[in-house]
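Enquirer: No letters, just coordinates:
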């Protein structure tokens, strides 16, 4: 790690040059402190398994940047231009000034409410990935940021796993909803029919207290609280406060809460099977039950009950110039209802991210532009490697991400390190390092990779079973892919990841990869009088007419594209790695499981990185910085020569006649001294203790 003078050179006056051939970065001009210097972009990659503390670590990093930025700021009022608007008695006073540092930090409670949930391993698990690109002025002041998100786990909305919760926002909203909000969003006994009320369980003032137990989306798992004892009500207050700080207007906040209530009501809607007779004979059909929940959902979505029922129970098919409406059976109608909920929730999440970016992005005016620079620090907080009892499409995307980032780590720590030694002619014994390229090829290679086969099957009429058979045919001979006879019966397979084997089930992969809302539901939302739905339309993946066609890119293709762009962005920065380690699986303090820690270090490539560092030279310096720091360790001839003018930290000049040769000699001298000290220490540790010790006076 670079310190002091070296870090100053890196941040303040290092010129960066991209080598188009191999992507290596070179630092130049360390002696020039002029205004033309270009700061080096950096990135911080926070990784670790689920529950290891990635989200908390990211918050610590952001708080640190904000603290440094505030110390640099001399006049607070110049940067605090945005003002709050009052929303409820719980918020701060109207007119309180808000600066950019606060806004960047306050994005966390909002995104966590809509994108985090309790899982088996973590009470505040991020169910999406994010890259926060933070920009600084040339004086080090935080000037703005942009957040990019990856792969929100929308399936959790419908089917949270046993022992887990749905997204935090539902529990937070129900814990803090006021009497006025409950009336407006129809959260009363007339709307939400629950068996609890037959037992006389009632809330204050003789009215039932509608809670999380009354909604199907929340009561499937029987898990309602958080093990870390965090109050959902307090977190809701923090979210509202953060929305005001970011710049959400009160109407937008009310609209988002209205949509949250609408989705909860949609989850309680029911269908009844019927039989329909037409010119083709008898066919299975169903109708939407006219329950209070269905009526409430229609009203909150800004549509009529009849339009909602038609959109969820019939399918429009174009035949030539005519549109034919065919009935759907109960299974299909439930799928259509689930697609409606997932699409609107996912679109609202994207809408929130866009609103946050609109607030925290920086666009300096012309007079201010000279004080701004393109220097930035990116912070990546992305899902850790996952393996559960049942692993599906979401897990292979998550683990594919970790494979790609692990390769990035291997490339930076191992390959570039050794290539640099060879390029500079330093004596070096090549050390083998784990290469997971064949795993990446198995997942994302064109035509033969798992995701490529999946995309092909999404274009033509197919089923999950047919896709699985094609997958076996394409990947069966790959060394990292296995599928036993028992697995084939249940349409499963195993991938040997860098962190260990994971078994995947292909159930619903085609549907999840398409992630489309039926065209009837799209038309339904377009006709809504609910303004928020018109704003989020651009984020909805609509079903396109045609045989098995995909609206835009598939989820897999879009995610692969995002990941490639992310890796390219990281390649243009100086990366720093933070490995978060989970001390135990019980989520309790003061308990350290050594075996678990070693496994995480091994899976993350940390042990191999230490081995390379110990075998080689753990610190990198630009040549002039290295000579400036260690010139006094050189021989007397180097010290006497004055031909190369390099300024030391003490104002003295150092020079070398042979240039790189003197640097190599100096490196060899330092390395030999280190090796000699370690070798002597090792010999002392390994030598047996003498049987007798004689003392001579």
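Expert: Cool, the structure landed. Computed from a predicted model, the values in this text were never measured in an experiment.
Enquirer: where does the most centrally placed residue in the chain sit relative to residue 135, distance-wise?
Expert: Nearest to the geometric centre of the chain sits residue 129, at 0.9 Å (CA atoms, centre = their mean). Counting by CB to CB, to the nearest Å, the gap from residue 129 to residue 135 is 20 Å. Heads up, the C-betas are built off the backbone N, CA and C, glycines and all.
Enquirer: Then residue 383?
Expert: 25 Å.
Enquirer: And residue 227, by the same measure?
Expert: As judged by CB to CB, residue 227 and residue 135 stand 37 Å apart.
Enquirer: How about residue 594?
Expert: Residue 594 is 41 Å from residue 135, by CB to CB.
Enquirer: repeat for residue 407
Expert: In terms of CB to CB, residue 407 sits 28 Å off from residue 135.
Enquirer: who has more neighbours, the two?
Expert: residue 135 (23 against 20; other CB atoms under 10 Å).
Enquirer: Show me which residues of the top helix by length along the chain are buried.
Expert: Looking across the chain with DSSP state H, the single longest helix is helix 330-360. Buried residues in helix 330-360, counted by 16 or more other CB atoms under 10 Å: 330, 332-353, 355-357, 359-360.
Enquirer: cool, and stretch 226-238?
Expert: 226, 232, 235, 236, 237, 238.
Enquirer: from the middle of its chain, how far away would the longest helix of the chain be?
Expert: 17 Å (CA atoms, centre = their mean, to the nearest Å).
Enquirer: That helix: what's the following helix or strand?
Expert: strand 372-381 (DSSP states H and E).
Enquirer: elements contacting that next one?
Expert: Secondary-structure packing of strand 372-381 (3 or more CB pairs under 8 Å, 6 or more residues apart in numbering; DSSP states H and E): strand 42-47, helix 54-72, strand 129-137, helix 555-571.
Enquirer: Now do the helices in the stretch 551-697 of the chain.
Expert: 555-571, 594-603, 606-615, 623-630, 636-640, 660-686 (DSSP state H, counting those that start in this stretch).
Enquirer: which residue ranges form the strands in the stretch 201-350 of the chain?
Expert: 271-278, 281-288, 314-319, 322-327 (DSSP state E, counting those that start in this stretch).
Enquirer: Highest mean neighbour count out of these?
Expert: Mean neighbour counts were taken over the strands of the stretch 201-350 of the chain using mean count of other CB atoms under 10 Å, and the top value, a mean of 16, falls to strand 281-288.
Enquirer: avg pLDDT for that one?
Expert: When pLDDT is averaged along strand 281-288, the result is 80.
Enquirer: I'd like the numbering to begin with 640 instead of 1 from here.
Expert: Sure, I'll start numbering at 640, so the last one becomes strand 920-927.
Enquirer: The longest helix of the chain to strand 768-776, inter-axis angle?
Expert: 10 degrees (axes from the mean of the first three to the mean of the last three CA atoms, to 10 degrees).
Enquirer: So for helix 969-999, mean pLDDT?
Expert: Helix 969-999 comes out at a mean pLDDT of 95.
Enquirer: what angle sits between it and strand 961-966?
Expert: 110 degrees.
Enquirer: and the angle for helix 969-999 with strand 910-917?
Expert: Using the same axes, to 10 degrees: helix 969-999 against strand 910-917 is 120 degrees.
Enquirer: Mind jotting down where the strands sit in the stretch 690-839 of the chain?
Expert: So, for the stretch 690-839 of the chain - with DSSP E, counting those that start in this stretch - the strands run 721-722, 736-737, 755-756, 764-765, 768-776, 781-789.
Enquirer: chain center to stretch 1117-1128: distance?
Expert: Centre-to-centre, stretch 1117-1128 and its host chain are 30 Å apart (CA atoms, centre = their mean).
Enquirer: Which residues does it contact?
Expert: 1077, 1078, 1081, 1111, 1114, 1115, 1131, 1132, 1133, 1134, 1135, 1142 (CB atoms under 8 Å, 6 or more residues apart in numbering).
Enquirer: Same check on stretch 972-980?
Expert: So stretch 972-980 is in contact with 796-797, 856, 902, 905-906, 908, 910, 925, 927, 950-952, 967, 1150, 1155-1157, 1159-1160, 1163, going by CB under 8 Å, 6+ apart.
Enquirer: same thing with stretch 950-969?
Expert: Contacts for stretch 950-969 (CB under 8 Å, 6+ apart): 910-912, 915, 922-927, 971-972, 975-976, 979, 1157-1160, 1162-1163, 1184.
Enquirer: can you do 6 Å?
Expert: 910, 912, 915, 923-927, 972, 975-976, 1159-1160, 1163, 1184 (CB atoms under 6 Å, 6 or more residues apart in numbering).
Enquirer: Go through those and say which is closest to residue 804.
Expert: residue 976 (21.1 Å; CB to CB).
Enquirer: thinking again about what came up before, just the buried ones from the contacts of stretch 1117-1128?
Expert: Applying 16+ other CB under 10 Å to the contacts of stretch 1117-1128 flags 1078, 1081, 1111, 1114, 1131, 1132, 1133, 1134, 1135, 1142 as buried.
Enquirer: Am I right that the first one is in contact with residue 1042?
Expert: To tie it back to what came earlier, the one meant is residue 1078. Yes. Residue 1078 is within contact range of residue 1042, at 5.3 Å (criterion: CB atoms under 6 Å).
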